[in-house]
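Engineer: I need the structure of the sequence given here:
(3 chains)
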Amino acid sequence: MIARLLGIAALVAGVAAFPAVAGAYPVKLLQEILIWGIFAMSLDLLMGYAGMVSFGHSAFFGIGAYVAAFALKQTPHLLSALVLPALVTAVAALIIGFCSIRTSGVYFIMLTLAFSQMFFAYAFQAAWLGAEDGVFGVPRPRLLGLDLANPTAFHLYLVALAGLAVLVLWRIVGSPFGHVLRGIHENEGRMEAVGYAVQRYKLVAFVTAGTVGGMAGALYTQLNLTISPDAFYWTTSGEALLMVIIGGTGTLWGSLLGAAAFILLQSLVSSYTERWMLILGLTFILFVLFAPGGMVGALRGRVGRRA
Amino acid sequence: MFIPDFFAQALNGLSYGVLLFLLSVGLTLIFGMLDVINLAHGSFYMLGAYAGLATLAVTGNFWLAVLAAPLAVGLIGALMERVCLRSLYRRSPLDQVLLTFGFIYLFEDVVKWIWGGKIRSIPPPEVFSGSVSFFGATVPSYRLFMIVFGLAMAMVLWLLIERTRLGAIIRAGVFDAEMSAGMGINIDRVFTGVFAFGAALGGLSGVIAGPIQSASPPMGAGILIPALIVVVVGGLGSLKGSLVGSLIIGQAETFGKAWLPGSSMVIIYVVMALVVLFRPQGLFGRALK
Amino acid sequence: MTPTAPLLLIEGLTRYFGALSALNGVSLNIAPRDRRALIGPNGAGKTTLFNLITGHLAPSAGRILFDGDVITGLPVHAVARRGMSRSFQRTNLFPKLRVLENLRLAAAADGRGSYDVFGRIERYPAPLDRARAVAEMVGLVERLTEVVGSLSYGEQRQLEVGVALATSPKLLLLDEPTAGMSPEETQRMTRMLEGLPREVTLLIIEHDMDVVSSLADRVTVLHYGEVLAEGTFDEVKQDPRVFEVYLGGAG
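Structural biologist: Numbering: from 1, shown residues only, chains lettered A, B, ... in the order given. Coordinates of the predicted model:
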């Protein structure tokens, strides 16, 4: 137990201190891993714990990103950076969730897909959203007098928020509520039969996952200082799904691993070969076929079973 | 001049609808029988175009390409089903959907590897390389060929599915795979066959689309979503639904882009969402299991 | 006997599937502390009746009252919350979770603390205590930390009943609790059910007549979706109509 805590502390310290030892490009990679990790973890809450496979999670990523972009251009305050994106995304998740939760399986996939594509189609052609090009020149926020345009300050801010996200999701998953979600995932019918208002719990899970996903989007805007409609495109949802599966569905920190694997594959492998998409696709296929427990499952020695 | 424009657009919409039809038939049959949304179906479209390109490069004959492409893609589909998908039948359909998603990356990159990422044009056959005057509009004769070909294929498919013994087996499998297996039909082989057949039709759609759309590795991802919408609106598992759905969506997308460039795509997704919510079996699909 | 208000009152319940009537004008009156067995040949409509009572199916006609309130048309979880619980013919558990968790989830279904997103399970001792108590009742105390998959079939059927019991129901509906069990397992289950407190009213679908004779105060016979006969086990056994239709030559 102590060893574990020390290990985690060391990891966090290492991640926080990374800019001191590495160049700009690796640091950017790490920051992308953190942001996509948050996004993938929020999807894992939905998929791995509540059992709802969504192909529309990019909707929340995009909403959080665009809201942050617009709000920060108005005032570079923390409210714009985090609070407003969270609120707007939560409301969107409530509406979309309320419509979608009554369906399940492939119909849920199609419906969530339709919703995120709606946002994409709209953002792509709406002039006020920057249409195809999106929004540029988004300033970093100011936090307690600190200007986060300072790279060190921004990095620590990102690490802190990622850590917070991990902590919050971890607590949720281990809470009584998290146990209910797992029960729903295992046997929704029986949960209903013993008296749980299953749809309500699913909605809470959906809104929570969506809000955290929206936060990831907001941070993405703050990292790149720009956002485009691609954030909404279904492949963004698909890539998050890849990260969750490769990392290990239903393990939470597996999604962080999956995000790291995906981004490293994309950046590092592509500097040696152009075939990173092939490798990624093949890896994903092999994981689905032979290691449904993902990397975490493999590490735990349970390659054949889902975690 | 409104009328010529209208007819030009209507013919565009019709020819696009035909492509959607050929692609979505496979998708809807695969879903009807295996309960799998084959996300790699757009890839079959893309592979068809490239198989056509390759055949054309070797033989110089467009019609051979039209013949070879579906055969090649059908084979790829059969392999994919037999080797990978089959081992997942014992697991949830969602695992199968996720598997097909991985194949999108695989197929797109293999094609990019062999042919490069640039757009490659596929010239139409000599006999259809000109234009025709139709109600005052000038239309490439190839588009008219596409429409006639597509409707002829619809006829052939209808006869095949409704009037032959093979078609009866497919219909039985789509309706209730478990019961069909119980009645002695080798359901494994039917699954592979239907998957390969659906893939072949997707490949056919891609090679036919070649002269109009050219070939590029991401072309599959672009048409997958409209095909999904057709299948949802028409009804999962219904041939009639695919035809009606693709004609509707084909016209909706074409006219939408011309008249309401801003909101057309959004409207189509709204329609998809409404169908899933209020009539999930689509226009002609069977009621849900 | 002074008539007590019925716990479960079913009036003229009918259910069609297309043109086929699975249940036709079934009426049933179960008093509190009653132990009622529901018997009949396969296809008589017994499980359909259960599905209608618990809200898994909506009736075509008729109504259901539980503890004085109309519950027809209520969703499944609402019916369960009013104090009705059900076990299933085909084992319906949480496969990858441990026995204790299976029971705890059911015991915690009253919702207290289920929306607690940051707390810990241990903060709510009541469901854990109830789960342990039920494990004792169904004879699974030794297996609390086992995952459902590693239980024997008989143990899984015991847990199946246990999960239904863990919600502290007023009325317990058991759908063939001894299905597929060996004679020893059946005896153990029967003794367990006999030992349940009388506050838990029982309605059991059973095919095993030994179980029915040991357990049931009254028996209702269902045939082709209608109530054929009702009475004590002996009365029903001697009813010529029942004899003809169901108990058949072996009587």
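
Engineer: could you pull out the helices for the stretch 1-150 of chain B?
Structural biologist: B:2-34, B:41-59, B:62-80, B:93-115, B:141-163 (DSSP state H, counting those that start in this stretch).

Engineer: now those as JSON lines including mean pLDDT and distance to C:Tyr16?
Structural biologist: Bear in mind the C-beta positions are built from the backbone N, C-alpha and C, glycine included. Converted to JSON lines, the helices of the stretch 1-150 of chain B look like this (pLDDT from 0 to 100; distance: least, CB to CB, whole Å):
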{"stretch": "helix B:2-34", "mean pLDDT": "87", "distance to C:Tyr16": "28"}
{"stretch": "helix B:41-59", "mean pLDDT": "94", "distance to C:Tyr16": "40"}
{"stretch": "helix B:62-80", "mean pLDDT": "95", "distance to C:Tyr16": "43"}
{"stretch": "helix B:93-115", "mean pLDDT": "89", "distance to C:Tyr16": "31"}
{"stretch": "helix B:141-163", "mean pLDDT": "90", "distance to C:Tyr16": "31"}
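
Engineer: just so I know, which of the ones you listed lies nearest chain A?
Structural biologist: Counting by CB to the nearest CB, chain A lies closest to helix B:93-115 out of the helices of the stretch 1-150 of chain B; the figure is 3.0 Å.

Engineer: Just confirm yes or no for that closest one near chain A.
Structural biologist: Yes: for helix B:93-115, a contact with chain A is found by CB under 8 Å from any CB of the partner chain, at B:93-95, B:97-99, B:101-110, B:112-113.

Engineer: Packing partners of that helix?
Structural biologist: Helix B:93-115 is packed against helix A:105-125, helix A:234-247, helix A:276-290, helix B:41-59, helix B:219-234, with contacts defined by 3 or more CB pairs under 8 Å, 6 or more residues apart in numbering or on different chains; DSSP states H and E.

Engineer: That one to helix B:219-234, inter-axis angle?
Structural biologist: With axes from the mean of the first three to the mean of the last three CA atoms, to 10 degrees applied, the angle from helix B:93-115 to helix B:219-234 works out at 150 degrees.

Engineer: mind listing what's buried in helix B:93-115?
Structural biologist: Using 16 or more other CB atoms under 10 Å in any protein chain shown as the test for burial, helix B:93-115 gives B:93-112.

Engineer: what's the answer for stretch A:257-264, then?
Structural biologist: For stretch A:257-264, the neighbour count (16+ other CB under 10 Å) marks A:257-263 as buried.

Engineer: ok, so of those residues, who is nearest chain B?
Structural biologist: For the buried residues of stretch A:257-264, the nearest to chain B is A:Phe262 (11.1 Å; CB to the nearest CB).

Engineer: now the closest one: how far from B:Leu20?
Structural biologist: Distance of A:Phe262 to B:Leu20, given as CB to CB, to the nearest Å: 32 Å.

Engineer: Touching, B:Val244 and B:Val230? I think so.
Structural biologist: No: using CB atoms under 8 Å, B:Val244 is not in contact with B:Val230, being 9.1 Å away.

Engineer: neighbour-wise, which of those two wins?
Structural biologist: B:Val230 (30 against 20; other CB atoms under 10 Å in any protein chain shown).

Engineer: re the thing from before, mind checking which of the buried residues of stretch A:257-264 land in helices?
Structural biologist: A:257-263 (DSSP state H).

Engineer: what two of these have the greatest distance between them?
Structural biologist: A:Leu257 and A:Ile263 (11.1 Å; CB to CB).

Engineer: Report whether the helix or strand containing A:Ala90 contacts chain C.
Structural biologist: Assessed by DSSP states H and E, A:Ala90 sits inside helix A:84-100. No: Helix A:84-100 stays out of contact with chain C when judged by CB under 8 Å from any CB, the minimum separation being 14.1 Å.

Engineer: Pull the residues that contact that helix.
Structural biologist: A:56, A:59-60, A:63-65, A:67-68, A:71, A:108, A:111-112, A:115, A:202-203, A:206-207, A:209-211, A:213-215, A:217-218, B:273, B:277 (CB atoms under 8 Å, 6 or more residues apart in numbering or on different chains).

Engineer: How about the backbone phi and psi for the closest residue in space to C:Met192 that isn't next to it in sequence?
Structural biologist: Spatial nearest neighbour of C:Met192, chain neighbours left out: C:Val138 (5.9 Å); criterion: CB to CB, 6 or more residues apart in numbering or on different chains. Per-residue torsions, C:Val138: phi -90, psi 10 (degrees, to the nearest 10).

Engineer: tell me the contacts of C:Val138?
Structural biologist: C:158-159, C:161-162, C:165, C:192.

Engineer: Please apply the same query to C:Met192.
Structural biologist: Contacts of C:Met192 by CB under 8 Å, 6+ apart are C:137-139, C:158, C:161.

Engineer: Restricted to strands, list those residues.
Structural biologist: Among the contacts of C:Met192, the subset assigned to strands under DSSP state E is empty.

Engineer: could I get those residues as CSV with pLDDT?
Structural biologist: Shown next, in CSV, are the contacts of C:Met192 (pLDDT from 0 to 100):
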residue, pLDDT
C:Met137, 89
C:Val138, 90
C:Gly139, 88
C:Gln158, 92
C:Val161, 94
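
Engineer: what residues does the stretch 51-200 of chain B put near chain A?
Structural biologist: Taking CB under 8 Å from any CB as the contact definition, the stretch 51-200 of chain B meets chain A at B:84, B:87-88, B:91, B:93-95, B:97-99, B:101-110, B:112-113.

Engineer: what are the ranges of the strands in chain A?
Structural biologist: A:142-143, A:146-147.

Engineer: how far is the first one from where the chain is centred?
Structural biologist: If I follow you right, that is strand A:142-143. 23 Å (CA atoms, centre = their mean, to the nearest Å).

Engineer: Can you name the residues in contact with it?
Structural biologist: In contact with strand A:142-143 (CB under 8 Å, 6+ apart) are residues A:76-78, A:148, A:153, A:157.

Engineer: Quick check: PyMOL command selecting the buried ones in these.
Structural biologist: What follows is the PyMOL syntax for the buried subset of the contacts of strand A:142-143, where burial is set by 16+ other CB under 10 Å:
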select buried, chain A and resi 76+78+148+157
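
Engineer: Pick out the most distant pair among the contacts of strand A:142-143.
Structural biologist: Among the contacts of strand A:142-143, A:His77 and A:Ala153 lie farthest apart (CB to CB), at 15.3 Å.

Engineer: Now distance to B:Val194 too, for the helices and strands packed on helix B:93-115, in TSV please.
Structural biologist: Shown next, in TSV, are the helices and strands packed on helix B:93-115 (distance: least, CB to CB, whole Å):
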stretch	distance to B:Val194
helix A:105-125	17
helix A:234-247	25
helix A:276-290	21
helix B:41-59	13
helix B:219-234	15
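
Engineer: A:Leu223: what's its closest spatial neighbour, skipping adjacent residues?
Structural biologist: Nearest non-adjacent residue to A:Leu223 (CB to CB, 6+ apart): A:Gln31, at 5.7 Å.

Engineer: go on, C:Leu9?
Structural biologist: C:Leu65 (4.2 Å).

Engineer: Show the buried residues in the contacts of helix A:84-100.
Structural biologist: Among the contacts of helix A:84-100, those buried by neighbour count (16+ other CB under 10 Å) are A:56, A:59-60, A:63-65, A:67-68, A:71, A:108, A:111-112, A:115, A:202-203, A:206-207, A:209-211, A:213-215, A:217-218, B:273.
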